[in-house]
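**Student:** structure for this input, please:
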Amino acid sequence: MKGWGRLLLVGLGALALGSCNSNSVVPFKVETTGGICNTAAVGSANPQIVIDSDGSEPFVVTSILIRTGPQGSGAEGYEYLSINSVRINGIPFDTVTGNLTGFAVGGWDIHESADLMGTPVRRRNIDVDAEKGGSFPHQIVAEGGGSNDIAVELFCRANDFDLNIDTVLVAGWRSPSDAITLTYVPGN
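**Tutor:** Model prediction:
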């Protein structure tokens with residue numbers, strides 16, 4: 001009897017994932033170069049990561065991986081790099097997180113990386129050790145029918161030098177007939 005229960009649950013999971021027109025989904029991975037996150041000349045900036053489907057079927061994002069640009073010796077590190085919000089199918093959700101990467105870079109020419117999915121959300125905005133709340137979604141399901149299906153807004157602040165995002169990589173599941181695009185909208 002126990003084997004039947006497992007088989008039924010696995011079958012239902014596969015059915016839920018396969019609800020697209022062709023009754024199947026395929027993994028996807030899209031990558032784009034980043035750009036400026038914030039310049040030292042401007043107090044702070046809000047670059048965006050925009051994920052969009054060209055189809056009308058729902059799709060699932062399971063990973064949003066960012067890689068920072070290298071910093072010179074003595075640079076302050078990415079102390080002020082966090083998530084501000086996520087917009088899904090046009091609906092905004094405030095998801096303010098703590099710092100996504102280390103304060104001080106572990107050496108010259110280091111690229112720090114972080115997966116945004118599941119990052120803890122802060123309940124207080126005072127410091128990095130602030131009390132943790134919920135979390136940025138572990139996966140995001142978007143309708144796929146409009147433009148800018150998912151938009152993640154970052155917060156960047158640089159005091160003495162420019163902050164750069166080197167690469168953004170997004171992965172998940174989509175209908176075989178749909179294409180997913182990824183755009184990094186630079187800060188200032």
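**Student:** quick one: the helices in this structure?
**Tutor:** Assigned helices in the chain, in chain order: 2-17 (criterion: DSSP state H).
**Student:** where does it dip in pLDDT?
**Tutor:** Confidence mapping of the chain against pLDDT under 70 gives the ranges 1-23, 71-79, 102-110, 124-132.
**Student:** and residue 86, how far is that from residue 96?
**Tutor:** The span separating residue 86 from residue 96 equals 11 Å under the rule Cβ to Cβ, to the nearest Å. For the C-beta atoms, the positions are set from N, CA and C on the backbone; glycine is no exception.
**Student:** between those two, tell me which one has more neighbours.
**Tutor:** Using other Cβ atoms under 10 Å as the criterion, residue 86 and residue 96 rank with residue 86 on top: 20 against 17.
**Student:** which residues pair with that one across the strands?
**Tutor:** residue 93, residue 152 (DSSP bridges).
**Student:** so it makes contact with residue 136?
**Tutor:** Yes. Proximity of residue 86 to residue 136 meets the contact threshold set by Cβ atoms under 8 Å, at 6.9 Å.
**Student:** mutual contacts of those two, please.
**Tutor:** When Cβ atoms under 8 Å, 6 or more residues apart in numbering defines a contact, the residues bordering residue 86 and residue 136 alike are residue 95.
**Student:** tell me who's in contact with the most centrally placed residue in the chain.
**Tutor:** Centre of the chain computed as the mean C-alpha position; nearest residue by Cα atoms, centre = their mean is residue 64, 3.6 Å away. Under the criterion of Cβ under 8 Å, 6+ apart, the neighbours of residue 64 are 49, 51, 115-117, 152, 168-170.
**Student:** identify the residues contacting the closest residue to it other than its chain neighbours.
**Tutor:** Of all residues not flanking residue 64 in the chain, residue 116 sits nearest, at 4.3 Å (Cβ to Cβ, 6 or more residues apart in numbering). For residue 116, the contact set (Cβ under 8 Å, 6+ apart) comprises 64-66, 83, 100, 136, 152.
**Student:** residue 182 - how many residues pack around it?
**Tutor:** Applying the criterion other Cβ under 10 Å, we find 19 residues in the vicinity of residue 182.
**Student:** okay, and the beta partners of it?
**Tutor:** residue 51.
**Student:** wait, it sits on residue 31?
**Tutor:** Yes. A contact is recorded between residue 182 and residue 31 when judged using Cβ under 8 Å, the distance being 7.0 Å.
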